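Participant: Build me a structure from this.
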Amino acid sequence: MSDKPDKESQTEEPTEKRLHDSIEEGNTPHSQEVTSFAALLAALLFFIFFLRSGAGPLIAVLQNLLDQSGQYQIGAGRNAVHLIDATMTAMGQFLLPAVVLIIAMALVSTFGQHAPQLNPSRLAPDWSRVSPLSGWSRVFSVRGLTELLKSVVKLLIVGLVAFFLIRSEIGAAIATIQSDPAGLADHILDVGRRLLGGVTLAVFVLAAFDLVWTRIHWKRDLRMSRQDVKDEMKQIQGDPMVKARQRSIALARVRKRMMAAVPTATMVIANPTHYAIALRYVREEGGAPKVVAKGQDLIALKIREIAEAHDIPVIEDKALARSMYDRVEIDMMIPAEFYRVIAELIHFLNRTGASVQKQGRIS
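Facilitator: Numbers count the residues shown, from 1 in each chain. Below is the predicted model:
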């Protein structure tokens, strides 16, 4: 009774923090069908590229052992060790590519779905999982029934693919037995390769759907109520590190917008490297000159670089730059006390040409 209202109230999509916390706790979306596809793909690659080349040395070793079987005394320990060593070495060389492929595909299928997370709490034993009552409740839950349905669908699709492929090859197999019995082994290998390829393709389609479904279901389980969202926002806003990051992001946005406005400036007042103030004045726009950018040190140098790249006059005036810097704000008109000196500079630029870069105090 208590769970149902909670589920009904969880109407909000999970926030980025909620998703991040869930991943940190080890609760990540993982599709078993993707893992199955990876295993089948590893088997298919082994079948195509390594089966024939790897089986040759193994068959040669076994054939040699059979040919020399009369020379071995089974009761002798040295002969037994030699037989086991030769057989296991050949078998290991034959299976090594398969093991490497399976491990590689397992890692790709796991890390491709989510980044690896190490959470010690997930390693602790959960006794509810071995409880018969909990086990039956999981089996007959919505998720358990869904997994059962997925398994049945997978079995049906794979079975149908295998059935139709094998049925289509029965006639060719009979013809091979009648005409070329020695080629039956090659024919069986060819049919096996195509059968494995068809099953792998079918499981790939299932894995693609299951991957999407798993992520949708994972996000659905992490939905939040409106109160949860409000509580999280309060928690985030009260975090000093989050506030500092928010301020940093806000400053970065202002700085980016400010730098984008520098090419529209009429002039830049500099000091010469510690301060820079970009002013814009267009008679048709009306009003006093407006500050489009300002900055100190590295930002001041960046403003100068952009201005010089766009042929905007850079006027070095230490006293004017210092006195203006603390009295002007971005996107605001300059105070009345600077009207006269700025008007003289604008008049000079209009008289000499706006693309002229002037060094020194202009008055």
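
Participant: which SSE is residue 95 in?
Facilitator: helix 77-113 (DSSP states H and E).

Participant: secondary structure element for the nearest residue to residue 339 once chain neighbours are set aside?
Facilitator: Leaving aside its sequence neighbours, residue 339 sits nearest to residue 288 (Cβ to Cβ, 6 or more residues apart in numbering; 6.5 Å). For glycine as for every other residue, the C-beta is placed from the backbone atoms N, C-alpha and C. Here residue 288 is covered by no helix or strand, with elements defined by DSSP H and E.

Participant: wait, doesn't residue 288 sit right on residue 337?
Facilitator: No. Contact between residue 288 and residue 337 fails when scored by Cβ atoms under 8 Å: they sit 11.3 Å apart.

Participant: Neighbour count: the two, which is higher?
Facilitator: Using other Cβ atoms under 10 Å, the more surrounded residue of residue 288 and residue 337 is residue 288, with 15 against 10.

Participant: count of neighbours near residue 168?
Facilitator: Neighbours of residue 168 (other Cβ under 10 Å): 11.

Participant: separation between it and residue 201?
Facilitator: Note on residue 168: its distance to residue 201, by Cβ to Cβ, to the nearest Å, is 15 Å.

Participant: what about residue 292, helix or strand, and which?
Facilitator: Applying DSSP H and E, one finds residue 292 within strand 290-296.

Participant: List the buried residues in that strand.
Facilitator: 290, 291, 292, 293, 294, 295 (16 or more other Cβ atoms under 10 Å).

Participant: Stretch 225-236 now?
Facilitator: 225, 228, 232.

Participant: chain center to the strand or helix carrying residue 145: distance?
Facilitator: Element membership for residue 145 (DSSP H and E) is helix 142-179. When distances are taken as Cα atoms, centre = their mean, to the nearest Å, helix 142-179 is centred 35 Å away from the chain's centroid.

Participant: So for that helix, mean pLDDT?
Facilitator: The pLDDT scores in helix 142-179 average 81.

Participant: which secondary structure elements does it contact?
Facilitator: helix 184-221 (3 or more Cβ pairs under 8 Å, 6 or more residues apart in numbering; DSSP states H and E).

Participant: C-terminal to the helix it packs on, what's the next element?
Facilitator: helix 226-237.

Participant: which other residues reach that next one?
Facilitator: 9, 10, 11, 12, 15, 17, 18, 224, 242, 243 (Cβ atoms under 8 Å, 6 or more residues apart in numbering).

Participant: gap between the residue nearest to residue 176 when sequence neighbours are not counted and residue 171?
Facilitator: Computed as Cβ to Cβ, 6+ apart, the closest residue to residue 176 that is not its neighbour in sequence is residue 187, at 4.7 Å. Distance of residue 187 to residue 171, computed by Cβ to Cβ: 12 Å.

Participant: Residue 292 now?
Facilitator: Counting by Cβ to Cβ, the gap from residue 292 to residue 171 is 81 Å.

Participant: quick one: low-confidence ranges for this structure?
Facilitator: Along the chain, segments meeting pLDDT under 70 span 1-7, 65-80, 115-143, 180-185, 237-239, 353-363.

Participant: rewinding a little: between residue 187 and residue 171, who's got more neighbours?
Facilitator: Legend: neighbour count by other Cβ under 10 Å for residue 187 and residue 171, higher for residue 187 (16 against 9).

Participant: what's near enough to touch the more buried one?
Facilitator: 172, 173, 176.

Participant: Would you confirm that the second one contacts residue 192?
Facilitator: No. Taking Cβ under 8 Å as the definition, residue 173 is not a contact partner of residue 192, at 11.6 Å.

Participant: just to confirm, which helix or strand has residue 276 in it?
Facilitator: Applying DSSP H and E, one finds residue 276 within strand 275-280.

Participant: And residue 311, by the same measure?
Facilitator: Per DSSP H and E, there is no helix or strand for residue 311.

Participant: Now render the buried residues of stretch 225-236 as TSV, adding distance to residue 318.
Facilitator: Compiled in TSV, those are given as follows (distance: Cβ to Cβ, whole Å):
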residue	distance to residue 318
225	59
228	56
232	50
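
Participant: Which of the residues you listed sits closest to residue 342?
Facilitator: residue 232 (49.1 Å; Cβ to Cβ).

Participant: coming back round to it: of the contacts of helix 226-237, just the buried ones, ChimeraX syntax please.
Facilitator: Per 16+ other Cβ under 10 Å, the buried members of the contacts of helix 226-237 correspond to this ChimeraX selection:
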select :10,15,18,224
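
Participant: Take the contacts of helix 226-237 and write them to JSON lines, including secondary structure and distance to residue 332.
Facilitator: Output for these, formatted as JSON lines (DSSP: H, G, I helix; E, B strand; the rest coil; distance: Cβ to Cβ, whole Å):
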{"residue": "9", "secondary structure": "helix", "distance to residue 332": "47"}
{"residue": "10", "secondary structure": "coil", "distance to residue 332": "46"}
{"residue": "11", "secondary structure": "coil", "distance to residue 332": "44"}
{"residue": "12", "secondary structure": "strand", "distance to residue 332": "40"}
{"residue": "15", "secondary structure": "coil", "distance to residue 332": "36"}
{"residue": "17", "secondary structure": "helix", "distance to residue 332": "36"}
{"residue": "18", "secondary structure": "helix", "distance to residue 332": "40"}
{"residue": "224", "secondary structure": "strand", "distance to residue 332": "41"}
{"residue": "242", "secondary structure": "helix", "distance to residue 332": "30"}
{"residue": "243", "secondary structure": "helix", "distance to residue 332": "26"}
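
Participant: Including distance to residue 34, could the contacts of helix 226-237 go into TSV?
Facilitator: Output for these, formatted as TSV (distance: Cβ to Cβ, whole Å):
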residue	distance to residue 34
9	33
10	27
11	30
12	29
15	26
17	27
18	24
224	27
242	35
243	40
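
Participant: Cheers, nothing more for now.
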